[in-house]
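Participant: here are the coordinates; sequence isn't available:
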């Protein structure tokens, strides 16, 4: 009930990208790739004192139970926006004036919590691209199932009468950068649910750090950690 | 038969706009807002010796008997064009080189004659915005119902076998800037119908002037008129 | 079986165009018009050392058995591309740096082999526009009907179990600039089919040359040819 | 959104000057009188795959119209009538100024004005074209392609549309087991009248019919008037200028007279009355 | 694709400075306390052609919502429920910065957040709105037009939507010969509760509700919280900034208190409970 | 509208020079012979939510194909056959040059060429996939996402498509009370053969198969040839250059030989014949 589904992050899976990560979060399979900092096209979109962050969240047609039309849905437009807004506070965009950073998140197989998994992967991909960051953005949902507050709801649990609360969080800075709620919670349940989501974010944060360490320091790190 | 439906014009109803007017014309409820003269975007659309006039006629989804799809229909594209062409002869566009004036007409509730009502409101909104004008553009339709030529047809009268002739007119200059016809008229009926529409325009013209006086001179004017 | 359907090409049929041709190829009726070399819009699409070639293949709604939606289909997008690529090797685009040439092919009535007929007409229209060319682009299809390899298949022959191979060819340079295949051919049939299509191209080439001679030298040429 | 456009000032000015000089002497640059139409060629049955078709040349403006007749659902509020839809595309072949792409407001207006003339004249008796009233009706598409543009596309496109309709044969559809079946046979279209469009423009104080592209570049205002033998059925004033009431009444009278000549030509060509 | 935008640096900087100065003294530029809402006017039944409608003025932000009720197919996976769709358009009348055209990501978010509040609260009992379960259901369109924009469009649009729903009459449709027939009669909408949206923004360390456009131009982060009498039903954190956990919990508490006042107003105006 | 594009002249020139030097010595920059394919990895069943799926790595080009099988109306003129639709998207992850948005002409061509190979080979026996002939048929969507692009997307996408089809299980749908019901059971896809695509490009006088992105940047012309064990089923010459007849016949022969090796790999991996 207070456990995450299995989470596995692989760093650097897209050869051409400046940074990338592949996350398996329960049955979610999500790819994040980062290009940039790079020139902005069209040029008038550039900002003189900082970097433009652009973000696309997209589901492959085969990622869902019923085939998804490839054109971007209103849901994908909204998630692209909240995802960008969840990532932006972690980035030192002022370090790259007149440039753009593009974050592409592709859901290859979807399960509950795909926006949180996508944010977690995107954050690792940004780090892999060498972008200056204040912290990694961890993300996890909590929710209500059968009147109980539980961590990390999957597809089959997310049904009528329940509630779903995706959260993104900067653990070192103690800042929440994404908070949404779908479904009914009493005031007490709200507080419990938010706390539980934050605790999930902290677990995801450890997995994110480990994945980056694994790529950049390899077995050396793993051995060190084991001996600690 | 030679009477207008009830017409009421309120000037300055949209706070942010440079000029605006709200018209109730029978059951029509139509808002017109003007922005400009202002910079043109994209810049290559600017004209070196006069102002660009842009016009949008749009119906809210709830304005019609059956819900209207919010995307602009071909009918709305055409009315936007004839509306712009009906307004343009009244404007001193040469006074504002390299600038643009935008006229937005939103039909909140539609009834017969919405394009005429929209032109009348737009014309008042342009005056309210302080745009240099040769005259106000008055507008009114006449038509044929049961083989009789009548003024100002509403929704329920505008049916099969009838005819509808919307007209816009500059009373001081004696110029017609909009003339359309849908439906069959004999040569005699055509002349009668056009004359009747012009007489309707003149009535609308008085109401337009009064609404502007009311805003800019308030009760003072009203009293004067009453004593005349 | 090794004969072309009736082919008739008329040069210079579109008054405003810089070059044009009308081809009747079996029941195909296809118009090709060329504008250019001319300025490129938008300017950033211009190339500093040669001309941009643009091509549109489009079917009129009434050109097909069932009415065709006027919006460009994916098939038309693909044919526009292969048509441009079939024409480009014949053109001396380096002679017109920073300019653009536009080729518009409109199918007014469609039959089998419309893309080949369109390429043949476009090539003549380019010559009529005075564009520097290495050679005319001839085009013709061959295919398989009832297990036999035949030249120039029409609509009713192009059915299940058959094969269709449109080819474009520069006869003077012995170069193939278009080759497509839909349908199954054994290795032997493939070679036979390709050879037959090339022979068809050569027949079309003669008709193309004759049409151009007819326009530019008129009856004089015809008489000469007859006396030869 | 509708927006006004214009050519370079000097060019526009010089062109207008030359045009005004000619018109002030009562003549047009191509020698016509104000009330003269350019040579009009109409050919029917030019597209064999269509249910009806026509090619029109009005001076150097050239338009092809093709008709496809299918079945479909009726329009809302017109459940027991066949559906008639006129579309227009100005092909990029037609002039150096046309760009391929979705129709702009001028082309939308063109299609809608041509459609209005046919619809309001009740040329086609749509009451006879419901197969299963409220459910399945004949759907008649008249698609017009402007091949070359040299002014007055309104009239050229309208004539192509009307001639294509006059020449069309109606496929006989039948309901079998609640499915529509094409019997392969055809019959006459149910026709009532022949509408004719006459377009005039004003340049300064002169009002002239059937303008060329060159004349349209100088126009102050435009008016398109559709007539039937009985009177008027559709009108569209266009362009950002105005007419006096008197000019409009005269233009209407001209449209009746000149329209009758075109109507006679259409009758003769197609053997149809109306 | 989602992309970040911004105003000129100096302007932004000066504006923020003035705003911070005021907020550091515990006051807003318009004199309100941090927890004060602007004057709220709600009028219902403003569009007679709609099945329900409302006009809301929240300060100088003005929104009209109109409801059209039709029948259609149910949503996939929700075969035995009526369909409820909230759309929003920020009209180009609303501010000099709006361009006509398809909704951008901000307007998509606006419509989806307002929709979510109504949907998740289960305000309308959609279970009662299936005519033929799995085939034909009531389809309720709530279309919102923002007429003037001066900040906090989320709450203004939400109130207009909720008021329009509370004021709506449900047309009684019936199945006759497997066709839907409008009986011409109406009944009450099946309602369960009244959701209320309260939006707060953070500027520096200050969290204030119901921001003006001027305040939004300085905001670091935004949060919209929908409550019912029982608790929370929908939340959306927006804008590219963050909140502490503590700020969020306080904002949630504020939303409950302030929301109750708006709910009382809606009850009084419409005579509906919930 | 189709339009030609190109890279900066100097860069293009220098790149071509280096490439030509290598090719003139009979070698490619990555050391391969002209007829060598890069390492090919194929993995199936990578997406559990799909009815079939495959991931293909051809050198550094990587593609995922996923199959969704539903029911729908048949294509016009093919009323008693199932419908098969191949789509492709080059994800913006795939290279710095891809922009998100609707497919451009290159991606349209990619999808159509891959579709053509599968369709013309009659790999899937669509005659067995009509549920109610003329009304309801199986609809098989094969959607391909290019994740990383390093040349020869035609072959990589084609292999992913073919492998996904070979790995797919067909859900058994039944008609119950004139409604389609998913029985929850599956069966083998009705397969007839295995088509294999081999793409070659010409650079100067050299013709080489399976080009990298670097090689494609220097190409003069491209040809994609789909074979079955019996011969050829689809061909697409691409890019704005030409081949001699001789080069084409040799490329066709190469496609048969190299294609057989890929076919053997697909047979082994999936246990299917064809």
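Facilitator: Alright, I've got the coordinates. All values derive from a computational prediction rather than experimental measurement.

Participant: drop to CA atoms for contacts and neighbour counts, all remaining ones
Facilitator: OK.

Participant: Residue A:70 in helix, strand or coil?
Facilitator: coil (DSSP: H, G, I helix; E, B strand; the rest coil).

Participant: Name the residues that touch the strand or helix carrying residue A:122?
Facilitator: Here residue A:122, judged by DSSP states H and E, is contained in helix A:114-128. Here helix A:114-128 makes contact (Cα atoms under 8 Å, 6 or more residues apart in numbering or on different chains) with A:9, A:11-12, A:18-25, A:28, A:30-34, A:57, A:79, A:83, A:86-87, A:103-105, A:107, A:133, A:136-141, A:166-168, A:204, A:208, A:212.

Participant: Average pLDDT for that helix, rounded please.
Facilitator: Average pLDDT, helix A:114-128: 98.

Participant: Show the low-confidence segments of chain A, by residue range.
Facilitator: Within chain A, the segments meeting pLDDT under 70 span A:1, A:156-159, A:219-228.

Participant: residues contacting residue A:178?
Facilitator: A:82, A:83, A:85, A:86, A:166, A:167, A:168, A:169, E:237, E:238, E:242.

Participant: Pretty sure it sits in a strand.
Facilitator: Yes. Under three-state DSSP, residue A:178 sits within a strand.

Participant: Tell me which of the contacts of residue A:178 fall in helices.
Facilitator: Those of these mapping onto helices are A:82, A:83, A:85, A:86, per DSSP state H.

Participant: Leaving out the residues flanking it, which one is nearest to residue A:151?
Facilitator: The shortest distance from residue A:151 to any non-neighbouring residue, by Cα to Cα, 6 or more residues apart in numbering or on different chains, is to residue A:142 (4.3 Å).

Participant: That neighbour: neighbouring residues, count only.
Facilitator: Residue A:142 has 28 neighbours, counted by other Cα atoms under 10 Å in any protein chain shown.

Participant: The helix or strand harbouring it pairs with which strands?
Facilitator: Taking DSSP H and E as the definition, residue A:142 sits inside strand A:138-145. The strands beside strand A:138-145 in its sheet (DSSP bridges) come out as strand A:148-151 (antiparallel), strand A:163-170 (antiparallel).

Participant: which residues sit against it?
Facilitator: The contact list for strand A:138-145 (Cα under 8 Å, 6+ apart) reads A:113, A:116-117, A:119-120, A:123, A:149-153, A:157-158, A:161-171, A:185, A:193-194, A:196-198, A:200-202, A:204-205, A:208.

Participant: out of the residues you listed, which are buried?
Facilitator: Taking 16 or more other Cα atoms under 10 Å in any protein chain shown as the criterion, what is buried in the contacts of strand A:138-145 is A:113, A:116-117, A:119-120, A:123, A:149-153, A:157-158, A:162-171, A:185, A:193-194, A:196-198, A:200-202, A:204-205, A:208.

Participant: residues contacting the closest residue to chain D within chain A?
Facilitator: Relative to chain D, the nearest point of chain A is residue A:71 (19.7 Å; Cα to the nearest Cα). If a contact means Cα under 8 Å, 6+ apart, then residue A:71 has residue F:102 as its contacts.

Participant: who's in contact with the helix or strand hosting residue D:16?
Facilitator: Element membership of residue D:16, judged by DSSP H and E, is helix D:9-24. By Cα under 8 Å, 6+ apart, the surrounding residues in contact with helix D:9-24 are B:49, D:28, D:29, D:203, D:204, D:206, D:215, D:217, D:218.

Participant: What residue, apart from its backbone neighbours, is nearest the last one spatially?
Facilitator: Think residue D:218. Nearest to residue D:218 is residue D:16, by Cα to Cα, 6+ apart, at 5.4 Å.

Participant: anything in stretch D:112-129 near chain B?
Facilitator: Yes. Using Cα under 8 Å from any Cα of the partner chain, stretch D:112-129 reaches chain B at D:112, D:116, D:120, D:121.

Participant: Could you pull up the residues touching residue D:40?
Facilitator: Going by Cα under 8 Å, 6+ apart, residue D:40 touches D:56, D:57, D:58, D:59.

Participant: For residue A:207, grab phi and psi.
Facilitator: Torsion angles at residue A:207 (phi, psi; degrees, to the nearest 10) stand at phi -70, psi -40.

Participant: Checking residue A:102 next. Helix, strand or coil?
Facilitator: Classification of residue A:102 by three-state DSSP places it in strand.

Participant: Just to check, it is in contact with residue A:36?
Facilitator: Yes. With contact defined as Cα atoms under 8 Å, residue A:102 reaches residue A:36; the gap is 6.3 Å.

Participant: For residue D:14, give its distance to residue D:22.
Facilitator: Remark: distance between residue D:14 and residue D:22 (Cα to Cα, to the nearest Å) = 13 Å.

Participant: Phi, psi for the residue of chain A closest to chain D please.
Facilitator: Backbone torsions for residue A:71, taken as degrees, to the nearest 10, come to phi -70, psi 150.

Participant: now do residue A:198
Facilitator: Dihedral angles of residue A:198 (phi, psi; degrees, to the nearest 10) stand at phi -60, psi -40.

Participant: any idea how far it is from residue A:139?
Facilitator: Using Cα to Cα, one gets 8 Å for the distance from residue A:198 to residue A:139.

Participant: okay, and the common contacts of the two?
Facilitator: Shared contacts of residue A:198 and residue A:139, defined by Cα under 8 Å, 6+ apart, are found at A:167, A:168, A:169.

Participant: right, and out of those, which lies closest to chain E?
Facilitator: Among the shared contacts of residue A:198 and residue A:139, residue A:169 lies closest to chain E (Cα to the nearest Cα), at 8.7 Å.

Participant: can you list contacts of the helix or strand hosting residue A:24?
Facilitator: Assigned by DSSP H and E, residue A:24 belongs to strand A:19-25. Defining contact as Cα under 8 Å, 6+ apart, one finds that strand A:19-25 is touched by A:5-14, A:29-35, A:117-118, A:121-122, A:124-130.
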